[in-house]
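A.B. asks: Coordinates for the following, if possible.
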Amino acid sequence: MASAAAKQPPKSAAKSTAAAGGGGATGGAAIPLASPLMGGLNKKKKPFLGMPAPLGYVPGLGRGATGFTTRSDIGPARDANDPVDDRHAPPGKRTVGDQMKKSQDDDDEDLNDTNYDEFNGYAGSLFSSGPYEKDDEEADAIYAALDKRMDERRKERRELREKEEIEKYRMERPKIQQQFSDLKRKLVEVTEEEWLSIPDVGDARNKRQRNPRYEKLTPVPDSFFAKHLQTGENHTTVDPLQGQFAGLNTPFPGGLNTPYPGGMTPGAGELDMRKIGQARNTLMDMRLSQVSDSVSGQTVVDPKGYLTDLNSMIPTYGGDISDIKKARLLLKSVRETNPHHPPAWIASARLEEVTGKLQVARNLIMKGTEMCPKSEDVWLEAARLQPGDTAKAVVAQAVRHLPQSVRIYIRAAELETDIRAKKRVLRKALENVSKSVRLWKTAVELEEPEDARIMLSRAVECCPTSVELWLALARLETYENARRVLNKARENIPTDRHIWITAAKLEEANGNTQMVEKIIDRAITSLRANGVEINREQWIQDAEECDKAGSVATCQAVIRAVIGIGIEEEDCKHTWMEDADSCVAHGALECARAIYAHALQVFPSKKSVWLRAAYFEKSHGTRESLEALLQRAVAHCPKAEVLWLMGAKSKWLAGDVPAARSILALAFQANPNSEEIWLAAVKLESENNEYERARRLLAKARSSAPTARVCDQLTAWQGRGQFTIPEDFFLLDFSHIMTTQLATIKLKSRVFMKSVKLEWVLGNIAAAQELCFEALRHYEDFPKLWMMKGQIEEQSENMDMAREAYNQGLKKCPHSMPLWLLLSHLEERVGQLTRARAILEKSRLKNPQTPELWLESVRLEYRAGLKNIANTLMAKALQECPNSGILWAEAVFLEARPQRKTKSVDALKKCEHDPHVLLAVAKLFWSERKITKAREWFLRTVKIEPDLGDAWALFYKFELQHGTEEQQEEVKKRCENAEPRHGELWCAESKHILNWQKKTGEILDLVAAKIKNTF
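C.D. replies: Okay, here's the model as predicted:
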């Protein structure tokens, strides 16, 4: 072997020699061989061969091989039933299996402290080694039953939660197959020509590209190419040494006959390295241009858009693949078991459709049509799944099998795009199925009016029991023919109410309104004679439809005919009021008006019914209808003061002051002791600048009956100017009434209150103070008089007198919250912060759980700059008044901006429907510039509490900044209709003496102008 190896060169050397010889064969010249090729034949022997292995050496351990164990290492194998070596072993340990089991049990019992739990004990069983008796078995059975019962109680919720989590996970992380399923579905839109034009896919890569290998590439310097280009020569002879030693005659491939390319390559000449660099740059530019925009230079690979596209490819079905496989297997079993069961084929096709395999679904449903040719549902499903012309062919085949199927004919007409084709299909269907109302209706809808009338004439002959066809024919006929048609319809269908109602609407539309009542009464009689139960709710719904269609007389006749059917006498009033509200909610105003009219005929002396009707006319009627109703109302209920006042106010708002006076005069005759009418007369005169008339009226009232609300008005007027009053002048229409009736009026503090206020607002301070002093002699426990006295003194800058007035008032009225607040404001205004704080603390002690006092205490500290104390007081206030909306609303804006949203959530949990909390949430959204949400919460606030003026003012201010002119006018109009009277900001302006004659809209502008966006 050594000699053979010496004679024969190595394989690598032979290849090198052959490669070198290949170049010489080209030119025929001898080429000197490289010396390293010859030196590679005498390689040195490895130094470790023949030496002993080092200590601890394991063969193969370095490359991951490990040793193994043989039977000789562990001894012979023994069966579990073999006896042990110990002949005197105790029972249970005499076999190998017993000892193995015992050792395993010992290993299982881990009694370490780390394995101990205070609740469950040790993880294992402490008594597993003990005997297992019958009582242990019973105990285990009981515990197992308890565990099973406890598990069943939560099983449904747990399984539902796990299912939802799995579905959510699969929707968030769909598989690639699901992501591209919608693209597969779009293959339905590919035409046959496009499908055939798709080229066959082949692997055009070469072997190296198909089977890539890891290659190490080393860049070659340009000098290498230049050097070899310069030394390129042609040789025509072969060196004899090369032929002897270079392996020209070697049998190994790679010699002169080598098949590798490059042997015949001539010299390439000069190589321009600059052009190579330019070509490389050009290639790079081409690659970059493929992913760039030619206009803006930006990349067209949008990562966000790419991810969005991937999300859009998520299939609608989010179930598990295993569930699909199970369902597919189950449906296959059903089809094979009962191949003539149509639902199995339909369910199978829909399953494949949901999973995106539309062609498989089509194949399945077509096979279903073969197995179930008489099933209408299978044919319709097949027509739905097939595209275009194929669906038409399927429907045509279905018609051959089911010539009486209406649904198939309807589907065939839907597949047609041309109107003529639809008509042709439907007429062919009517030839086969002439009794189908649905086919007649569908065919008539496609015809012109004249052709439709002819078709309906034939349709009612074929389907004489179809009410819709008779009514449709009546609508297309003339008046006389329509009456004949409806009479024939009543003969054929004597139990349907719609024919009678249509007849009544027909008479009303042609001006014959006197027949409407007769037709409806005759309808009730006829239907009862034919055994039809009169359903009151259905007839009211028909009346609402007539109202919406403009048939007012018909809807009113229907209401009058059925409103009392099936109702007990004691429930009539309550039920009718609910019916009227329901009609108003549905927009049927004439029906509601008819219900109120009928109720007023039955209950003419019920004040509540008249009030409901009056409010209805005020909201949805005209001024004339309201005044006519109120005239009838006061005739039947003369003692109802509010009805007189509504009539007078309506006349006053219309500008007819004399009519308003006359109404109030009549009201005095009917109600001689009514303070409300008396004060309304005073307000009427004062609002129309008749101050002397009002002053005379109040003076007469005080002399006969010193009242507290009448006294307010007189204090407000005296300072407007000096008036001279003739001796014979006294209130026109009221003089003869007042002199005879005032003697019977009871003493009331309100007359004095209105008198004082009248003199005050008119600027006559001295008269106001005098009246106030006189009033307090009679009514010292009336807190509003003390408040007015203190405010008048404050206006005159007499702070000591004002403080004394408030203190005296609090002694007489210790539970009046406004008095405590006014005294606190007075002390704060003069700089006595400590005294103001003490007053509020005293007020809270005397009036516990009063949110207004707590709120003022918090605001006092906040205005003083003591925010920490304010927050502490707010916490105490919320503990004492946890359900106070005004406190929660203030607490929201005491927090820093990041915590306000959390506080608002807590406020809504405690006071969900409190208007102050809702208003605070709206302001919070406004401060965050969430315009839409803020507007929604403002609307919710004014809907819950329309009497809160602050909500309207803030809403109006919001619309002034962020709304359009239409929205601003709408808010202002709604506020004027609501006429709010409460609210901290609102009352500060509306009750100011300078604004006593301003309207609601003007006060709204004033309050909105003073609101600052400081929240």
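A.B. asks: and Cys462, how many neighbours does it have?
C.D. replies: The tally of other residues near Cys462 (other Cβ atoms under 10 Å) stands at 16. Just so you know, the C-beta spots here come from the backbone N, C-alpha and C atoms, and that holds for glycine as well.
A.B. asks: pLDDT score for it?
C.D. replies: On the pLDDT scale, Cys462 is placed at 84.
A.B. asks: Toward the C-terminus, what is the element adjacent to the helix or strand hosting Leu146?
C.D. replies: Using DSSP states H and E, the element containing Leu146 is helix 134-153. The helix or strand immediately downstream of helix 134-153 is helix 155-172, counting by DSSP H and E.
A.B. asks: Give me the angle between that following helix and helix 134-153.
C.D. replies: Angle, helix 155-172 to helix 134-153, by axes from the mean of the first three to the mean of the last three Cα atoms, to 10 degrees: 50 degrees.
A.B. asks: tell me which residues in helix 155-172 are buried?
C.D. replies: Arg170 (16 or more other Cβ atoms under 10 Å).
A.B. asks: How far away from the center of its chain is it?
C.D. replies: Offset of helix 155-172 from its chain centre (Cα atoms, centre = their mean, to the nearest Å): 22 Å.
A.B. asks: do the same with stretch 863-878
C.D. replies: Worked out by Cα atoms, centre = their mean, stretch 863-878 lies 38 Å from the chain centre.
A.B. asks: which residues sit against that stretch?
C.D. replies: With contact meaning Cβ atoms under 8 Å, 6 or more residues apart in numbering, stretch 863-878 is reached by 828, 833, 851, 854-855, 857-859, 861-862, 884, 887-888, 890-891, 894.
A.B. asks: Any stretches of the stretch 701-850 of the chain with poor pLDDT?
C.D. replies: Along the stretch 701-850 of the chain, segments meeting pLDDT under 70 span 701-749, 751.
A.B. asks: Helices of that one, residue ranges please.
C.D. replies: 710-717, 735-741, 749-761, 765-778, 783-795, 799-812, 817-829, 833-846 (DSSP state H, counting those that start in this stretch).
A.B. asks: And those: which comes nearest Leu924?
C.D. replies: Counting by Cβ to Cβ, Leu924 lies closest to helix 817-829 out of the helices of the stretch 701-850 of the chain; the figure is 26.2 Å.
A.B. asks: How far does the closest one sit from its chain's centre?
C.D. replies: Worked out by Cα atoms, centre = their mean, helix 817-829 lies 47 Å from the chain centre.
A.B. asks: buried stuff in that helix?
C.D. replies: Neighbour-count burial for helix 817-829 flags 817, 819-828 (criterion: 16+ other Cβ under 10 Å).
A.B. asks: Packing partners of that helix?
C.D. replies: Applying 3 or more Cβ pairs under 8 Å, 6 or more residues apart in numbering; DSSP states H and E, one finds that helix 817-829 contacts helix 783-795, helix 799-812, helix 833-846, helix 851-863.
A.B. asks: Looking at these, which one is packed in the most?
C.D. replies: helix 783-795 (a mean of 22; mean count of other Cβ atoms under 10 Å).
A.B. asks: Show me what that one is packed against.
C.D. replies: By 3+ Cβ pairs under 8 Å, 6+ apart, helix 783-795 packs against helix 749-761, helix 765-778, helix 799-812, helix 817-829.
A.B. asks: Let me have these in a markdown table, adding distance to Glu353 as columns.
C.D. replies: As requested, those are exported to a markdown table (distance: least, Cβ to Cβ, whole Å):
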| stretch | distance to Glu353 |
| --- | --- |
| helix 749-761 | 79 |
| helix 765-778 | 87 |
| helix 799-812 | 82 |
| helix 817-829 | 71 |
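A.B. asks: among those helices, which is nearest Arg328?
C.D. replies: helix 817-829 (75.5 Å).
A.B. asks: picking that back up, for Ala549, which of the helices of the stretch 701-850 of the chain is the nearest?
C.D. replies: helix 735-741 (50.6 Å).
A.B. asks: quick one on the thing from earlier: select, out of the helices and strands packed on helix 783-795, the one closest to Arg173.
C.D. replies: Checking these against Arg173 by Cβ to Cβ gives helix 817-829 as the closest, at 61.7 Å.
A.B. asks: who touches that closest one?
C.D. replies: Outside helix 817-829, the residues that reach it (Cβ under 8 Å, 6+ apart) are 783, 786-787, 790-791, 794, 799, 802-803, 806-807, 809-810, 813, 833, 835-836, 839-840, 843, 847, 850, 852-853, 856, 860, 863.
A.B. asks: could you give the angle of that helix to helix 851-863?
C.D. replies: Helix 817-829 and helix 851-863 are oriented at 10 degrees to each other (the same axes, to 10 degrees).
A.B. asks: what's the angle between helix 817-829 and helix 799-812?
C.D. replies: Going by the same axes, to 10 degrees, helix 817-829 makes 150 degrees with helix 799-812.
A.B. asks: so helix 817-829 versus helix 833-846, what angle?
C.D. replies: Angle of helix 817-829 versus helix 833-846, following the same axes, to 10 degrees, is 160 degrees.
A.B. asks: quick one, phi psi at Asp781?
C.D. replies: Dihedral angles of Asp781 (phi, psi; degrees, to the nearest 10) stand at phi -100, psi 10.
A.B. asks: who are the neighbours in contact with the nearest residue to it once chain neighbours are set aside?
C.D. replies: Among residues not flanking Asp781 along the chain, Lys812 sits closest, at 5.3 Å (Cβ to Cβ, 6 or more residues apart in numbering). Going by Cβ under 8 Å, 6+ apart, Lys812 touches 780-781, 783, 786.
A.B. asks: For His228, report the pLDDT, please.
C.D. replies: Looking at His228, its pLDDT is 68.
A.B. asks: err, Lys909, not the other one
C.D. replies: Looking at Lys909, its pLDDT is 91.
A.B. asks: which stretch of helix or strand covers it?
C.D. replies: helix 897-910.
A.B. asks: quick one: buried residues of that helix?
C.D. replies: Neighbour-count burial for helix 897-910, counted by 16+ other Cβ under 10 Å, picks out 900, 903-904, 907-908.
A.B. asks: any idea how far Thr554 is from the nearest residue to Ile499 once chain neighbours are set aside?
C.D. replies: Once flanking residues are discounted, Ile499 sits nearest to Ala489: 4.9 Å by Cβ to Cβ, 6+ apart. For Ala489, the distance to Thr554 equals 17 Å [Cβ to Cβ, to the nearest Å].
A.B. asks: Looking at the two, which one has more neighbours?
C.D. replies: Applying other Cβ under 10 Å to Ala489 and Thr554 shows that Thr554 carries more neighbours, namely 30 against 26.
A.B. asks: That one against Glu508, yeah?
C.D. replies: Yes: in this structure Thr554 lies within contact range of Glu508 using Cβ atoms under 8 Å: 5.4 Å.
A.B. asks: which residues do these two both contact?
C.D. replies: Val516.
A.B. asks: Between all of the contacts of stretch 863-878, which two are at the greatest distance?
C.D. replies: By the measure Cβ to Cβ, Leu833 and Trp888 form the most distant pair in those, at 26.1 Å.
A.B. asks: for Gly587, phi and psi?
C.D. replies: Residue torsions, per degrees, to the nearest 10, at Gly587 are phi 90, psi 10.
A.B. asks: And for Ile534?
C.D. replies: Torsion angles, degrees, to the nearest 10, at Ile534: phi -80, psi 110.
A.B. asks: Surely it touches Leu527?
C.D. replies: Yes: in terms of Cβ under 8 Å, Ile534 counts as a neighbour of Leu527; the distance is 6.6 Å.
A.B. asks: For the two, list the residues in contact with both.
C.D. replies: Joint contacts of Ile534 and Leu527 (Cβ under 8 Å, 6+ apart) do not exist.
A.B. asks: surely the residue nearest to Ile499 meets Thr465?
C.D. replies: No: using Cβ under 8 Å, Ala489 is not in contact with Thr465; the gap is 9.8 Å.
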